[in-house]
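Chemist: Sequence below, structure please.
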Amino acid sequence: MQLAKHLAQGRLVYLSQQQDAITVSENDYYRWMAFSDVVQSVMHKRKPWQLTLPHQIALLMPLLLFRPTRIIELGLGGGNLTRFLQHLSPDIMLTTIDHSQEVIDSFTQYFNPEQVDMDLICADGMTWLAQQDASDIDWIICDVYQSQELGFDCIVNQLEVLTSKLDSHACLSINLPDISDHDINLCLTILQQLQPDHHITYFNIPNYLNIVIHLTPQHWQLHRLIKRNKQSYLSPITLHRWRKFWPHGLQLN
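Modeler: Residues are numbered from 1 along each chain as shown. Purely as a prediction, here's the structure:
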């Protein structure tokens with residue numbers, strides 16, 4: 001059965017009483033979190049570490065290129081990336097920041113079935129990141145739910161903070177919200193200006209509204225690493241499958 005049909009057959013498990021319209025629903029196979037009726041993350045109940053949505057694989061593409069140790073994740077939601085990364089290797093030190101204590105509590109109750117001990121911090125992600133030392137961060141992943149009411153200026157401010165904490169050895173991965181082609185091009189131009197010493201690769205996710213952008217160190221030989229990297233956390237089967245996705249990314253010169 002297709003995932004969309006599963007999501008149409010769910011039963012409500014949790015309904016937020018706060019300002020954020022958070023719901024948790026499930027059926028026999030999946031549990032998912034939605035913000036204002038927009039599904040943000042879907043957990044496979046039998047294999048909770050499994051990625052379930054295509055943009056999540058796109059966001060984690062840098063795992064083809066290197067073995068990050070210190071990862072900062074901005075935006076928790078239902079924790080798909082969090083569970084995957086924690087399951088991937090005990091060598092990964094992951095800190096996840098979310099501005100909503102209610103989201104963190106919902107994750108803890110409904111989306112951490114194996115009760116893995118995770119480093120979760122309730123704070124505004126950009127404010128928290130601005131106070132960190134960039135030198136020990138290998139990878140910043142920004143997957144923050146963005147209300148369109150906040151406007152494009154908010155996105156630009158986020159890009160400025162994110163790139164200010166991007167060291168020359170580190171990666172940055174961003175999941176952009178549903179924005180216009182004009183604004184996407186502006187974001188790419190801004191990123192080029194803010195971080196000229198990084199490669200920029202971006203993915204349009206078919207049938208979804210996500211644009212995923214990666215900034216990787218300029219000295220990395222991307223094509224060689226994609227083909228021959230033997231230092232990945234990923235299993236050989238996953239490596240082989242994900243390598244087929246990489247050519248769908250578009251690189252800026």
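Chemist: Sketch out the helices for the protein, chain order is fine.
Modeler: Listed in chain order, the helices of the chain (DSSP state H) span residues 3-7, 54-59, 80-88, 101-110, 125-130, 152-164, 181-194, 222-228, 236-245.
Chemist: Take those helices and write them to a markdown table, including mean pLDDT.
Modeler: Listed next are those as a markdown table, based on pLDDT from 0 to 100:
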| stretch | mean pLDDT |
| --- | --- |
| helix 3-7 | 67 |
| helix 54-59 | 95 |
| helix 80-88 | 97 |
| helix 101-110 | 95 |
| helix 125-130 | 96 |
| helix 152-164 | 93 |
| helix 181-194 | 95 |
| helix 222-228 | 91 |
| helix 236-245 | 94 |
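Chemist: Those: which one's closest to Asn175?
Modeler: helix 54-59 (5.7 Å; C-beta to C-beta). The C-beta positions use only the backbone N, C-alpha and C, and glycine is treated the same way.
Chemist: Show me what the closest one is packed up against.
Modeler: helix 80-88, strand 171-176, strand 211-217, helix 236-245 (3 or more C-beta pairs under 8 Å, 6 or more residues apart in numbering; DSSP states H and E).
Chemist: 10 Å instead?
Modeler: Helices and strands touching helix 54-59, by 3 or more C-beta pairs under 10 Å, 6 or more residues apart in numbering; DSSP states H and E, are helix 80-88, strand 171-176, strand 198-204, strand 211-217, helix 236-245.
Chemist: what comes up buried for stretch 184-202?
Modeler: For stretch 184-202, burial by neighbour count (16 or more other C-beta atoms under 10 Å) applies to 186-188, 191, 194-195, 198-202.
Chemist: Kindly check the end-to-end length of it for me.
Modeler: 10 Å (C-alpha to C-alpha, to the nearest Å).
Chemist: Ok, stretch 119-129 next?
Modeler: First-to-last residue span, stretch 119-129, C-alpha to C-alpha: 15 Å.
Chemist: again, but for stretch 115-135
Modeler: 31 Å.
Chemist: Report the contact partners of Leu188.
Modeler: By C-beta atoms under 10 Å, 6 or more residues apart in numbering, the contact list for Leu188 reads 176, 200, 202, 211, 213, 250, 252.
Chemist: which residue sits closest to Ile22, ignoring its sequence neighbours?
Modeler: Ser16 (3.9 Å; C-beta to C-beta, 6 or more residues apart in numbering).
Chemist: which residues does that neighbour contact?
Modeler: Counted by C-beta under 10 Å, 6+ apart, Ser16 has contacts 22-24, 35, 100, 102-103, 106.
Chemist: same check, this time on Arg83
Modeler: Arg83 sits next to 41, 43-44, 47-51, 107, 111-114, 116, 118 when contact means C-beta under 10 Å, 6+ apart.
Chemist: Kindly recompute the last result at 7 Å.
Modeler: 48-49 (C-beta atoms under 7 Å, 6 or more residues apart in numbering).
Chemist: same deal with the one 5 residues further on?
Modeler: With C-beta under 7 Å, 6+ apart as the criterion, the residues that contact Leu88 are Tyr233.
Chemist: if you set the cut-off to 8 Å instead, what comes out?
Modeler: 49, 63, 233-234 (C-beta atoms under 8 Å, 6 or more residues apart in numbering).
Chemist: Of those residues, which is the most crowded?
Modeler: Comparing the contacts of Leu88 by number of neighbours (other C-beta atoms under 10 Å), Leu63 comes first, having 22 neighbours.
Chemist: What about the residue lying closest to it once chain neighbours are set aside? Give its phi and psi, please.
Modeler: Spatial nearest neighbour of Leu63, chain neighbours left out: Leu234 (5.5 Å); criterion: C-beta to C-beta, 6+ apart. Main-chain torsions, Leu234, degrees, to the nearest 10: phi -70, psi 150.
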